[in-house]
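Asks: here are the coordinates; sequence isn't available:
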């Protein structure tokens, strides 16, 4: 696999503890939580870094709200269109592909694998990961604002319109980005699945997340409280670094391929 050879030939990631390799090889229930850091390695700007050009004058927290959409749906839709077009130019990185391979290997040995992400860019799915729990939604989906309809529409299936936002093909209601805005609750079904998996896992990875945004930040704590082995992969220290079993400082794109290769190849 190309991503494995990339780290062999071009990078020198931090050493992986042999005990962690054994933990992963023997794991029965693995949970992975990813945040903005893994997408940043693909060149996807973080939420606040994305404010450039004509959008530099806007506070993103004032655009990503139900009130902002109600007040000016055109502006909010255009902002998300701009962000979507920026993300479309990015590709999954070696960290994304390593997680896809980790999932495949674990499923082959009849282990459970749950991938949870706070990212809305869809890069995990592009890399081939299955059944991803997207806690904050996906920028490449839209949904109807009519609560009696709530139709989900893939961005590629949207019909062109002269005056965005486009309309729902079922009820003619206004469509909005299918992402979680400030002041909104996370999708309960996915959140419950994420919490249940975190409380029952024997190995938990926290990757590229600051562990500041709730309720996702509580997931590694749940795993720790359940006596799971917890691994953190992050270039910088976070609030949980000193509590985890294996704190690994570095980039996911360097570390994960080495871990996967060391475990199964």
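Replies: Noted; the coordinates are in hand. Because the structure is a prediction, the values reported are computed rather than measured.

Asks: quick one, helices of this protein?
Replies: Per DSSP state H, the chain carries helices over the ranges 2-10, 18-26, 36-40, 60-63, 66-71, 73-87, 94-108, 123-126, 188-200, 218-225, 252-264.

Asks: export those helices as TSV, with columns for distance to residue 155, mean pLDDT and mean neighbour count.
Replies: (Each C-beta comes from the backbone N, C-alpha and C, glycine too.) As requested, those are arranged in TSV below (distance: least, CB to CB, whole Å; pLDDT from 0 to 100; neighbours: other CB atoms under 10 Å):
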stretch	distance to residue 155	mean pLDDT	mean neighbour count
helix 2-10	27	42	13
helix 18-26	35	95	15
helix 36-40	18	95	24
helix 60-63	18	79	15
helix 66-71	17	94	15
helix 73-87	7	91	17
helix 94-108	20	98	21
helix 123-126	13	98	22
helix 188-200	20	97	16
helix 218-225	28	97	20
helix 252-264	26	96	23
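
Asks: could I get those in CSV, plus columns for distance to residue 158?
Replies: CSV is the format used below for the helices of the chain (distance: least, CB to CB, whole Å):
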stretch, distance to residue 158
helix 2-10, 33
helix 18-26, 41
helix 36-40, 23
helix 60-63, 20
helix 66-71, 16
helix 73-87, 10
helix 94-108, 25
helix 123-126, 18
helix 188-200, 23
helix 218-225, 33
helix 252-264, 32
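
Asks: against residue 123, how distant is residue 89?
Replies: Here the criterion is CB to CB, to the nearest Å. By it, residue 89 lies 12 Å from residue 123.

Asks: show residues contacting stretch 121-140.
Replies: Stretch 121-140 has contacts (CB atoms under 8 Å, 6 or more residues apart in numbering) with 34, 38-39, 42, 44, 80, 83-84, 87, 90-93, 96-97, 99-100, 103, 114-120, 154-156, 177-180, 186-187, 190-191, 193-194, 216.

Asks: same question but for stretch 205-224, I mixed them up
Replies: So stretch 205-224 is contacted by 30-41, 95, 116, 118, 135, 186, 191, 194-195, 198-199, 201, 204, 230-234, 238-240, 243-244, 252, 256 (CB under 8 Å, 6+ apart).

Asks: that stretch spans what distance, first to last residue?
Replies: From its first residue to its last, stretch 205-224 covers 11 Å (CA to CA, to the nearest Å).

Asks: quick one: distance of it to the chain centre.
Replies: 12 Å (CA atoms, centre = their mean, to the nearest Å).

Asks: again with stretch 239-257
Replies: 16 Å.

Asks: the longest strand along the chain versus helix 73-87: what angle between them?
Replies: Determined from DSSP state E, the single longest strand within the chain is strand 137-144. Here strand 137-144 points in a direction 140 degrees away from that of helix 73-87 (axes from the mean of the first three to the mean of the last three CA atoms, to 10 degrees).

Asks: neighbouring strands for strand 137-144, and are they parallel or not?
Replies: strand 152-154 (antiparallel), strand 175-179 (antiparallel) (DSSP bridges).

Asks: among those strands, which is nearest residue 109?
Replies: strand 152-154 (33.0 Å; CB to CB).

Asks: setting aside sequence neighbours, what's the nearest residue to the residue positioned nearest the centre of the chain?
Replies: When CA atoms, centre = their mean is applied to the chain, the residue found nearest the centroid is residue 117 (2.8 Å). The spatially closest residue to residue 117, leaving aside those adjacent along the chain, is residue 34, at 4.6 Å (CB to CB, 6 or more residues apart in numbering).

Asks: who does that neighbour bridge with?
Replies: With DSSP bridges as the rule, residue 34 is bridged to residue 117, residue 207.

Asks: where in the stretch 151-265 of the chain is pLDDT low?
Replies: 162 (pLDDT under 70).
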